[in-house]
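# structure of the sequence below:
(one chain, ligands or ions: 1)
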Amino acid sequence: MDAAQEVKSKLDVADIVGEYLTLKPAGSGSFKALCPFHQEKTPSFYVNRPRQSWHCFGCDKGGDLISFVMAMEGTEFREALEHLATKAGIQLPTFDPQKSGERKRLLEVNDLASKFFRATLLASPDAEHARAYAAKRHIDDLTGDLFRIGYAPQSWDALTTALKSKGVTDEEMLKAGLVAKSDRGPGVYDRFRDRLMFSIQDVHGNVVGFTGRLLAADAKEAKYVNTPETVVYRKSAVLYGLDKAKGDIKRQDLAVVVEGNMDVVSSHRAGITNVICSSGTALTEEQLKLVSRFTKNLAIAFDADAAGGAATLRGLDLARSQDFNVKLITLPPEAGKDPDDAVTKDPDLWRRAIADATDVMDWVFRNAFKNRSLSNPEDKKRIAAGILPEIRRIADPIVRDHWVKKLASGLSVGEDALREALRKSGTGNREPGTVSKQARPTSGSPFPAPGSRFPDRVRDLSEQVLAILLKRPELRSTVEMDLTGMLPADLSTLYTDLESAYTLAEQKDLVDILVIRGDRDYQDQTPATLERELKNAISLLHEHVKTSARRQIEEDMRQAELMGDRDRILQLTQRFKELTS
Ligand SMILES: [Zn+2]
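Down below sits the predicted model:
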């Protein structure tokens, strides 16, 4: 038995979830609760004890007790497992002792360096100008301690000497990125000199690297120097301030993203504690994944006039395609040039700007309509061309619909025209008259090809059928129709071998969701009602599959006619007849 299985055999999913949420009974071995991962007023989060699994029908998250702890605590698999193993009283074997040993050592070395920088800032006689600078930036002792802000002195070996006295080797300092190899002969020298040092901490508060801000105004060196990529520091995977902000990000269900470290530090000092920064680059996929454990709502401080503005906006595409709700914060002119400025002037200026954040689509609309005339049809076309691609990027169909309606009314054109334009531009560059091979059903299966109409409804009805049958397998004998060709492939496999559904390992996630769905929808129903529900679902499913197959044939027929492909027309006519007879 591996460690994960051992943990799962000793702990119960309902007990673990119950430590975080208030569970209400929902039938035998089943519980429901308000989902902690999305906003809702009625529970769609279900836990099933016999299956040892959970699923939310609102946001579609689900899994076992380990994935639940990962999502709740915002941790990786290994850490969640460790957390649960401690609870279960199990000793975990280490994965790769050498690698985890090196990681641990580098975190120690970074921690020692961070302490050295902090102590230097607080007490060194050489740090007088650094203390003056910190005071000017309102970095008080409390804030400095919290963010572990320090000073690297004007020296080639101050840190090196200090770390050596603590038993750190040159090799370890090199691996931590704190020093560089000397060009002249052996030895190493301090990478950071005469700089205000910001400790970069991972989501758990470990110091993984540093950003050093130059203090001398006239020096020729770069204003900022960062730790290079190391075993413990990857720029694209860290969000500055997240270790301190994660709690409030979750509570407020909103992460405020700013550009600079000082924007984060000042916000926290002013009590605005859900603020993080991505260190000057557009948010990466890894960073988004990290944030998504705490919220799906981002408000991004955004300077439309700055050179970085356009890049920021491009970076938002990734967030939106991953189903984040993104708002843009624009600072009013009186607030200064960045959030740090605003907080210094008056924290309420920054607070209000966050509260007034506008939906990124509002910004897109305002920009597209700017300087264009609605009485000019060409301008209307240009406006639509600017906005439609943005609408297509929205993952949620309901939100997408909202903006189509808004654009239609803004342009005074019909929604149908826009929807057609949206569809056309969405199907890629297919030339009229050519037939895409993929669009052709390859077999005689009436099941719609991927991407054709009604697949969602078909999927939904198919899952309904399986949910009922998993609840009452004996109803299988009442099904008169052959469903195997109608159901999506994964559900069809399940249907043909219903008896082993409960034990098949590879279908476990699917079966979990279906069983929990059965609990949700059919908990207190009599066998007679269930049979009726099943018949009903099957006949609806049959109708939908037929309709979509018919539409597919009609579409193929039009293409075949354009091509003058007579054989194909005959073949399709025959299929059409079979289907409608
Ligand atoms: Zn949910």
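
# average model confidence for stretch 193-210?
Stretch 193-210 shows a mean pLDDT of 94.

# equivalent analysis for stretch 41-51, please.
91.

# from the chain's centre, how far out does that stretch sit?
In this view, stretch 41-51 has its centroid 22 Å away from the chain centroid, taken as CA atoms, centre = their mean, to the nearest Å.

# now do the same end-to-end measure for that stretch.
26 Å (CA to CA, to the nearest Å).

# what do you get for stretch 553-573?
Stretch 553-573 end-to-end distance (CA to CA) = 8 Å.

# so Leu540 touches Leu461, yeah?
Yes. Using CB atoms under 8 Å, Leu540 is in contact with Leu461, at 5.5 Å. All C-beta atoms are positioned from the backbone trio N, CA, C, and that covers glycine.

# the two: which has the busier surroundings?
Each of Leu540 and Leu461 has its neighbours counted (other CB atoms under 10 Å); Leu461 has more, 23 against 16.

# all helices for the stretch 1-150 of the chain, in order.
Remark: helices assigned in the stretch 1-150 of the chain by DSSP state H, counting those that start in this stretch are 3-10, 13-20, 65-73, 77-88, 97-123, 128-136, 141-147.

# same for the shortest one, what does it pack against?
The criterion is 3 or more CB pairs under 8 Å, 6 or more residues apart in numbering; DSSP states H and E, and the helices and strands that helix 141-147 contacts are helix 97-123, helix 261-269.

# hmm, who's touching it?
The contact list for helix 141-147 (CB atoms under 8 Å, 6 or more residues apart in numbering) reads 118, 121-122, 134, 149-150, 198-199, 241, 244, 264-265, 268-269.

# what's downstream of the worst-scoring helix or strand of the chain on mean pLDDT, the next helix or strand?
For the chain, using mean pLDDT, DSSP states H and E, the weakest element among its helices and strands is helix 308-321, scoring a mean of 67. As assigned by DSSP states H and E, the chain's next helix or strand after helix 308-321 is strand 325-329.

# can you list the buried residues in that next one?
Judged by neighbour count using 16 or more other CB atoms under 10 Å, the buried positions of strand 325-329 are 325-329.

# so which elements touch that strand?
strand 297-301, helix 308-321, strand 358-359, helix 360-369.

# please repeat the previous calculation with a cut-off of 10 Å.
Where contact means 3 or more CB pairs under 10 Å, 6 or more residues apart in numbering; DSSP states H and E, strand 325-329 is packed against strand 255-258, strand 297-301, helix 308-321, helix 347-355, strand 358-359, helix 360-369.

# mind checking the longest helix of this structure?
Secondary structure of the chain per DSSP state H: the longest helix is helix 527-563.

# moving C-terminal from that one, which element do we reach first?
The helix or strand immediately downstream of helix 527-563 is helix 566-580, counting by DSSP H and E.

# Ala162 is in what secondary structure piece?
Secondary-structure element containing Ala162, defined by DSSP H and E: helix 158-164.

# where in the stretch 301-450 of the chain is pLDDT low?
Confidence mapping of the stretch 301-450 of the chain against pLDDT under 70 gives the ranges 303-315, 425-450.

# ok and the residue in it nearest the ion?
Asp323 (12.4 Å; CB to the ion).

# list the contacts of that residue.
By CB atoms under 10 Å, 6 or more residues apart in numbering, the contact list for Asp323 reads 59, 288, 292, 296, 394-396, 399.

# now list the buried members of these.
Neighbour counting over the contacts of Asp323 (16+ other CB under 10 Å) leaves 59, 288, 292, 296, 394 as the buried ones.

# single out the most deeply packed of the helices and strands packed on strand 325-329.
With neighbours defined as mean count of other CB atoms under 10 Å, these peak in mean count at strand 255-258, which reaches a mean of 27.

# what helix or strand is the residue in the stretch 101-250 of the chain that the ion sits nearest to on?
Of the stretch 101-250 of the chain, the residue with the smallest distance to the ion, taken as CB to the ion, is Lys250 at 13.7 Å. Per DSSP H and E: Lys250 is located in helix 242-252.

# that helix vs helix 347-355, what angle?
Angle between the axes of helix 242-252 and helix 347-355 is 60 degrees (criterion: axes from the mean of the first three to the mean of the last three CA atoms, to 10 degrees).

# pLDDT averaged over helix 242-252, what's the number?
Mean predicted lDDT for helix 242-252 stands at 90.

# quick one on the thing from earlier: doesn't Thr295 make contact with the residue of the stretch 101-250 of the chain closest to the ion?
Yes. In this structure Lys250 lies within contact range of Thr295 using CB atoms under 10 Å: 6.5 Å.

# overlap of the contact sets of the two?
With contacts taken as CB under 10 Å, 6+ apart, Lys250 and Thr295 have 37, 274 as neighbours in common.

# list the contacts of Leu21.
Leu21 neighbours (CB under 10 Å, 6+ apart): 31-36, 43, 45, 47, 54, 68, 72.

# again with Ala26
By CB under 10 Å, 6+ apart, the residues touching Ala26 are 32-33, 43, 46-48, 516, 519-520, 523.

# ok, now Ile387?
Applying CB under 10 Å, 6+ apart as the definition, the contact partners of Ile387 turn out to be 361, 364-365, 367-369, 403-404, 406-407, 410-411, 418.

# please identify which helix or strand holds it.
Counting by DSSP H and E, the secondary-structure element that holds Ile387 is helix 377-392.

# mind listing what's buried in the helix or strand just after that helix?
For helix 377-392, the succeeding helix or strand toward the C-terminus, using DSSP H and E, is helix 397-411. Neighbour-count burial for helix 397-411 flags 403-404, 407-408, 410-411 (criterion: 16+ other CB under 10 Å).

# Serialize those to a markdown table and add fields for distance to Pro339.
As requested, these are exported to a markdown table (distance: CB to CB, whole Å):
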| residue | distance to Pro339 |
| --- | --- |
| Trp403 | 28 |
| Val404 | 34 |
| Leu407 | 32 |
| Ala408 | 37 |
| Gly410 | 32 |
| Leu411 | 36 |
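
# quick one: stretch 470-485 to chain centroid distance?
On the basis of CA atoms, centre = their mean, stretch 470-485 sits 38 Å off its chain's mean C-alpha point.

# what residues sit buried inside it?
Neighbour counts over stretch 470-485 (16+ other CB under 10 Å) mark 470-472, 475, 483 as buried.

# most widely separated two among the residues you listed?
Within those, Lys471 and Leu483 form the most distant pair, 16.6 Å apart (CB to CB).

# would you mind splitting the protein into its domains for me?
Domain assignment of the chain by automatic domain parsing yields the ranges 3-88, 97-233, 242-356, 365-426, 455-580.

# coming back round to it: need the contacts of helix 141-147 in CSV with neighbour count, can you?
Below are the contacts of helix 141-147 laid out as CSV (neighbours: other CB atoms under 10 Å):
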residue, neighbour count
Arg118, 19
Leu121, 22
Leu122, 16
Ala134, 22
Ile149, 24
Gly150, 28
Phe198, 27
Ser199, 24
Gly241, 28
Lys244, 19
Val264, 28
Val265, 26
His268, 20
Arg269, 20
